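*Asks:* pasting the structure only:
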């Protein structure tokens, strides 16, 4: 495979249709789009993905992957496809930035910032909602990953020589939200810490047992700036 061009809305929509995705629009004013394992709330500007905790301990390079791909190094395994997340963020008005060209190159990924939260039910059936960074521990600082806005880099197309066509890279690798910089991911860690694949582990004090159903909620960063004075 070789790196290909960046992904545009028309190309991604064609890819989704080829993959057999079917859009189910909710009644106004909800404006909810539902696909397998994922929904886009166009009014609330929120994408929610379904999945399960895949690791309750150990080294991680991803917050979330597609189930059955990188489960062994990811906190969450998702039931949706990465191009569906890409499509949802496009529907919310975001434009993908630029992933790193290769891992361990020292460059940083670029793209619009988003916040990521993970939700699950505790033993009493109450909803627990945490920033994604809280589920990951920095082994050098002994503290959770620094609070951050992840960036929408949008993966890329690569040439699949076996199929003789270009395909969405994240669909091949399973990378959806990465702590370690990955040129194929959809959302990436924007900081230099993403250049070290030995830095992060599961925060065992917070992450529920493996197999626990979770929801991963992605939202465009909301501006906290006060409106200008008239």
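*Replies:* Now that the structure is in, tell me what you want to look at. All values reported here derive from a predicted model rather than from experimental measurement.
*Asks:* looking at this structure, which helix or strand is least sure?
*Replies:* Sorting the helices and strands of the chain by mean pLDDT, DSSP states H and E puts strand 24-25 at the bottom, at a mean of 44.
*Asks:* mind listing what the helix or strand just after that one pairs with, with the direction of each?
*Replies:* The first helix or strand that comes after strand 24-25 along the chain, using DSSP states H and E, is strand 32-35. Using DSSP bridges, strand 32-35 pairs in its sheet with strand 24-25 (antiparallel), strand 38-41 (antiparallel).
*Asks:* any idea of the pLDDT on residue 223?
*Replies:* Reported pLDDT at residue 223 in the predicted model: 68.
*Asks:* Then residue 158?
*Replies:* According to the prediction, residue 158 has pLDDT 84.
*Asks:* Can you report how many residues neighbour residue 94?
*Replies:* 21 (other C-beta atoms under 10 Å). C-beta coordinates here come from the backbone N, C-alpha and C atoms, glycine included.
*Asks:* which element is the nearest residue to residue 139 once chain neighbours are set aside on?
*Replies:* Distance criterion C-beta to C-beta, 6 or more residues apart in numbering; nearest residue to residue 139, sequence neighbours excluded, is residue 201 at 5.7 Å. Element membership for residue 201 (DSSP H and E) is strand 200-202.
*Asks:* what's the answer for residue 88, then?
*Replies:* For residue 88, the host element (DSSP H and E) is helix 82-91.
*Asks:* what angle separates the next helix or strand after that helix from helix 82-91?
*Replies:* Note on helix 82-91: by DSSP H and E, the next helix or strand toward the C-terminus is strand 113-121. Interaxial angle, strand 113-121 versus helix 82-91 (axes from the mean of the first three to the mean of the last three C-alpha atoms, to 10 degrees): 120 degrees.
*Asks:* residues contacting the residue nearest to residue 139?
*Replies:* 57-60, 136-137, 139 (C-beta atoms under 8 Å, 6 or more residues apart in numbering).
*Asks:* and residue 69, what is it in contact with?
*Replies:* Listed by C-beta under 8 Å, 6+ apart, the contact set of residue 69 reads 77, 173-175.
*Asks:* Nearest the geometric middle of the chain, what residue?
*Replies:* residue 177 (3.4 Å; C-alpha atoms, centre = their mean).
*Asks:* pLDDT weak spots in the chain?
*Replies:* 1-30, 103-105, 163, 223-230 (pLDDT under 70).
*Asks:* do that again at 50, thanks
*Replies:* 1-10, 15-30, 225-230 (pLDDT under 50).
*Asks:* Now do the buried residues in stretch 97-115.
*Replies:* Buried residues in stretch 97-115, counted by 16 or more other C-beta atoms under 10 Å: 97-100, 103, 107-109, 111-115.
*Asks:* Tell me if I'm right that residue 145 and residue 180 touch.
*Replies:* No. Judged on C-beta atoms under 8 Å, residue 145 makes no contact with residue 180 at a distance of 11.6 Å.
*Asks:* Tell me, how many residues neighbour residue 82?
*Replies:* 30.
*Asks:* just to revisit the earlier point, quick check: bridge partners of the residue nearest to the centre of the chain?
*Replies:* In this entry, residue 177 is beta-bridged to residue 64, residue 187, by DSSP bridges.
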